[in-house]
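Enquirer: Okay, sequence plus prediction incoming.
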Amino acid sequence: MISYSIIRNELKTGDLVLYSARGAFSDVIKYGTLSKFSHVGMVMRIPEYDFLTIWECTMPSNIDNLESSPPRMGVQLVPLSDRVHKYSGDIAVRQLKGASLPTGTLLKLMELRKQLRSKSYKHEKVQLLKSANDGPFGHNHKDLSAIFCSELVAEAYQCLGLLTDEKSSNEYTPADFSEKKMRKLNGHFFLSDEMLVKND
C-alpha cells in the first residue's frame with residue numbers, strides 16, 4: 001500500500017481510481033463481474049481548481065459536487081482528497097503512462113465534460129450485468145441519456161483516443177479497468193499496476 005498523500009502530487013488527468021465498496025448493490029456488481037471492484041472514476045487536473053478532482057458517476061454523497069448543488073445522483077466532479085478520506089472501502093489507483101495527452105484531446109475531454117455534466121446515474125442492475133455478459137442478458141445499446149461509472153470512464157478514454165470505439169462505452173464494467181483486464185491502450189499509452197491507497 002502507498003499513502004495517498006505521497007502519490008497525490010503525481011496524479012494527473014487520465015489516471016484511474018478504482019473502488020471496492022460494501023453493500024448489496026456493490027456486491028451484485030463485484031459478483032456479476034468477478035471482480036473486487038464495484039466503481040471507477042477518472043482523475044482530472046482542471047485549471048479552474050487548485051486541487052485534484054475525480055470525475056465519476058455515482059450516488060449522492062457527503063461531498064460537494066463542484067458542478068451541481070445540491071448533490072444529486074449522476075455525473076459528478078468532486079475533490080479527490082475528500083473522496084479518498086470519506087470513502088468507506090478500499091481504493092486503488094492506476095496511473096496513465098507512456099506519453100503525455102495532447103492539448104487537443106484534453107480540450108475534447110473538456111467538451112465531453114460539459115456534454116455529460118447533467119446526466120443521471122443509470123442504476124439498473126440488469127444494465128451492468130449486460131455489460132459483463134452478452135449471453136442471456138443480451139447486448140447493451142449505447143444511450144447516454146443516463147450513464148454508469150465505467151461507461152463514463154470508457155467515454156472519456158475513447159474521447160482521449162486511449163480506447164477504440166469498436167466496443168461501446170456501455171459495454172465496460174469497473175472490472176474492465178482493473179490490471180487483470182486492461183493494460184495496453186492505444187499508441188504508446190498503458191496503465192500502471194493497481195496501487196492501493198486506502199485499505200478500509
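Expert: Yep, that arrived.

Enquirer: next one: stretch 165-172 to chain centre, how far?
Expert: 14 Å (Cα atoms, centre = their mean, to the nearest Å).

Enquirer: average model confidence for it?
Expert: For stretch 165-172, mean pLDDT rounds to 92.

Enquirer: Alpha carbons of it, as PDB, please.
Expert: The C-alpha trace of stretch 165-172 is given here as PDB (Å, rounded to 0.1, in the frame of the first residue of the first chain):
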ATOM      1  CA  ASP A 165     -14.800   2.700 -30.200                       C
ATOM      2  CA  GLU A 166     -15.100  -0.900 -31.500                       C
ATOM      3  CA  LYS A 167     -16.600  -1.700 -28.100                       C
ATOM      4  CA  SER A 168     -19.400   0.500 -27.000                       C
ATOM      5  CA  SER A 169     -18.700   2.500 -23.800                       C
ATOM      6  CA  ASN A 170     -21.700   0.900 -22.100                       C
ATOM      7  CA  GLU A 171     -20.100  -2.500 -22.500                       C
ATOM      8  CA  TYR A 172     -17.400  -1.700 -20.000                       C
END
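
Enquirer: ok, which stretches of this structure are helices?
Expert: Counting by DSSP state H, the chain has helices at residues 4-7, 24-33, 80-86, 103-116, 125-132, 149-159.

Enquirer: among the ones you listed, which gets the worst mean confidence?
Expert: Among these, helix 125-132 carries the lowest mean pLDDT, a mean of 50.

Enquirer: Please enumerate the strands of this structure.
Expert: Secondary structure of the chain (DSSP state E): strands at 16-21, 39-44, 53-58, 74-79, 89-94, 96-97, 120-121, 146-147, 190-191, 195-198.

Enquirer: so what strands line up beside the fifth one?
Expert: Read that as strand 89-94. Sheet pairing for strand 89-94, assigned by DSSP bridges, gives strand 16-21 (antiparallel), strand 195-198 (antiparallel).

Enquirer: per-residue confidence averaged over that strand?
Expert: Averaged over strand 89-94, pLDDT sits at 95.

Enquirer: what's it in contact with?
Expert: Applying Cβ atoms under 8 Å, 6 or more residues apart in numbering, the contact partners of strand 89-94 are 4, 7, 11, 15-22, 26, 36-37, 84, 177, 179, 191-200. Using the backbone N, CA and C atoms, a C-beta is placed for each residue, glycine as well.

Enquirer: Likewise for the last one?
Expert: Counting by Cβ under 8 Å, 6+ apart, strand 195-198 makes contact with 1-4, 7, 84, 87, 89-95, all of which sit outside it.

Enquirer: from those, which is closest to T164?
Expert: R94 (19.1 Å; Cβ to Cβ).
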